[in-house]
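> sequence and predicted structure, then a few things I'm wondering about:
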Amino acid sequence: MMAVLIFVASLATLVMFFVSYCRSLVASSSRHPLSAEVRDVTGIRTVATAADYARVVQLLRLCPERQEDRAGLQAVGIYYSWLTVAQRMLAWIAPSLRSWTEHEQACCAYFAAVTLDRRIAHSREMLTHEAEL
Amino acid sequence: MPGPIGLMIWFLGTAFELTFVVCSLARKSFLRYFFLNLYVLLSTTVSIGRFLILFSYGGAESDQYMYFYFYSDALLTLALYFALISLYSHILGELRAGEYVKWVAVFLLLGTAGFTYAVVAQSTQRLSTSFAYELSQNLYFVGLVLTYILWGAVLKLRETRTRLVQIILSLGLYFSGHAASYALMNFSGRYSLIQYLTPALACFLPLSWSVTMLRHSDESRLAPAQLVAVPR
């Protein structure tokens, strides 16, 4: 009985901490300005929309991976999927949830765009370094 | 003996732990987060010690390995409590609550030791079987509650330091994952996929701390309003 109670409470806090962790990842990139190149490629001008996420992730797959990006991207990817499920399942119960999930998904898209920006900058640095050698 | 997957997770965890210490040194934050580094270094030492004992004394069922495992686990949990208390000091430092934090830490340690002693006194006949799992589950759950309170303080005090926020959230994920997996082991049996969950979680903590150290400086800030699901 005790183990079941601890399991349920731990699972609830696990979800809460995971959502907060993803939000902190997304929040930490919100002040990062996007380069002109990334804005052109992704079509994001100043504010991202929920629909941008899939396109930015496809662009990310074309870029060489960076080890330190992977965990954060995966976490935010899971968070985005949860938001999509929440939007589909719960939006008809609470309509206000729809705009909130869309805002969150837009933040995820901006996070992915910032990661793309970093990957492009990193690849360029590597190329410059190789050319120098 | 652990299988190839278990060994791979073990090596990865140790490598991530060393990465965190190197990152702390490289970013000149070793002393600032001394207790986190102490815990990680201790965990690396324990991991190497367990590995040596496992292969010297013939597997995980040997008495030597069992004793080393449970005593080192208690030591690691103690070190993690110190790391958690040091995070409380960081968060409550500006309130000049350092003295209170120290007293609460001492009280907490004594309380946990007393509780553990009481449980051990009642269950000596099953010390090395399900008792060890129950004890670990309880200790991690206490850690989870403390981290949850710390997270409440972060939100209440509108903490903006990105590094601290992400270190605390990673610790919360680690504690809740551990407490949940130990509880699951207690009521579902130990020899299933869950046996990989605990070491995989042990990999997550140093990895996420390393990424936080690498990506954010002490000056990095985030808006506290972006951390709560419902903006206040």
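Yes, it's here. Note that this is a predicted model, so its numbers are computed, not measured.
> what's the helix or strand for the most centrally placed residue in chain A?
Closest residue to the average C-alpha location of chain A: residue A:108 at 3.5 Å, with C-alpha atoms, centre = their mean. For residue A:108, the element it lies in under DSSP states H and E is helix A:96-132.
> ok, residue A:71 next?
Secondary structure assignment for residue A:71, by DSSP H and E: helix A:67-90.
> same question, residue B:58
Per DSSP H and E, residue B:58 falls between elements, in no helix or strand.
> quick one: pLDDT of it?
With respect to pLDDT, residue B:58 has a value of 72.
> ok, how many other residues are close to it?
Residues lying near residue B:58 (other C-beta atoms under 10 Å in any protein chain shown) number 12. Every C-beta, even on glycine, is put in place using the N, C-alpha and C of the backbone.
> gap between it and chain A?
To chain A, residue B:58 is 31 Å away according to C-beta to the nearest C-beta, to the nearest Å.
> ok, now residue B:66?
The value you get for residue B:66 to chain A, if C-beta to the nearest C-beta is used, is 22 Å.
> so which elements touch the helix or strand where that residue lies?
Assigning secondary structure by DSSP H and E places residue B:66 in helix B:63-92. Helices and strands touching helix B:63-92, by 3 or more C-beta pairs under 8 Å, 6 or more residues apart in numbering or on different chains; DSSP states H and E, are helix B:34-56, helix B:98-122, helix B:130-156, helix B:162-188.
> TSV for those, including distance to chain A and mean neighbour count?
TSV is the format used below for the helices and strands packed on helix B:63-92 (distance: least, C-beta to the nearest C-beta, whole Å; neighbours: other C-beta atoms under 10 Å in any protein chain shown):
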stretch	distance to chain A	mean neighbour count
helix B:34-56	17	17
helix B:98-122	12	12
helix B:130-156	5	19
helix B:162-188	4	23
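> residue B:5 against residue B:196, yeah?
Yes: taking contacts as C-beta atoms under 8 Å, residue B:5 lies within contact range of residue B:196: 6.2 Å.
> among the two, which residue is more densely surrounded?
Applying other C-beta under 10 Å to residue B:5 and residue B:196 shows that residue B:196 carries more neighbours, namely 16 against 12.
> for that one, give me its contacts.
Residues in contact with residue B:196 (C-beta atoms under 8 Å, 6 or more residues apart in numbering or on different chains) are B:5-6, B:9.
> gap between the residue nearest to the spatial centre of chain B and residue A:90?
What sits nearest the mean C-alpha location of chain B, by C-alpha atoms, centre = their mean, is residue B:80, with 5.0 Å. Applying C-beta to C-beta, to the nearest Å, the value for residue B:80 to residue A:90 is 36 Å.
> list of residues touching the helix or strand hosting residue B:201?
Assigned by DSSP H and E, residue B:201 belongs to helix B:197-215. Residues outside helix B:197-215 that contact it (C-beta under 8 Å, 6+ apart) are A:28, A:68, A:71-72, B:6, B:9-10, B:12-13, B:16-17, B:19-20, B:23-24, B:27, B:29, B:36, B:40, B:43, B:162-163, B:166-167, B:170-171, B:173-174, B:177-178, B:181-182, B:184.
> list the contacts of the closest residue to residue A:108 other than its chain neighbours.
Ranked by C-beta to C-beta, 6 or more residues apart in numbering or on different chains and with sequence neighbours excluded, the top spatial neighbour of residue A:108 is residue A:80, at 4.5 Å. Contacts for residue A:80 were tallied using C-beta under 8 Å, 6+ apart; they are A:53, A:105, A:108.
> need the residues that contact stretch A:109-123.
Around stretch A:109-123, the neighbours that count as contacts under C-beta under 8 Å, 6+ apart are A:25-26, A:29-30, A:32, A:34-35, A:37-38, A:41-42, A:44, A:47-53, A:56-57, A:59-60, A:63-66, A:69, A:72-73, A:76.
> buried members of those residues into PyMOL, please.
To isolate the buried ones among the contacts of stretch A:109-123 in PyMOL, judged by 16 or more other C-beta atoms under 10 Å in any protein chain shown, type:
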select buried, chain A and resi 25+26+29+34+35+38+41+42+44+48+50+52+53+56+57+59+60+69+72+73+76
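> near chain B, from the contacts of stretch A:109-123?
Among the contacts of stretch A:109-123, the residues lying close to chain B (C-beta under 8 Å from any C-beta of the partner chain) are A:25-26, A:30, A:72.
> kindly reformat those as CSV containing distance to residue A:84.
Shown next, in CSV, are these (distance: C-beta to C-beta, whole Å):
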residue, distance to residue A:84
A:25, 18
A:26, 15
A:30, 20
A:72, 19
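> mind picking the two most distant members of those residues?
Checked with C-beta to C-beta, these reach their widest spread between A:30 and A:72, with 13.7 Å between them.
> for the helix holding residue A:108, buried residues please.
So, applying 16+ other C-beta under 10 Å, buried residues of helix A:96-132: A:97, A:100-102, A:104-120, A:122.
> same thing with stretch B:14-22?
B:14, B:16-17, B:19-21.
> pLDDT for the contacts of residue A:80 - can I get that in JSON lines?
Below are these laid out as JSON lines (pLDDT from 0 to 100):
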{"residue": "A:53", "pLDDT": "90"}
{"residue": "A:105", "pLDDT": "91"}
{"residue": "A:108", "pLDDT": "92"}
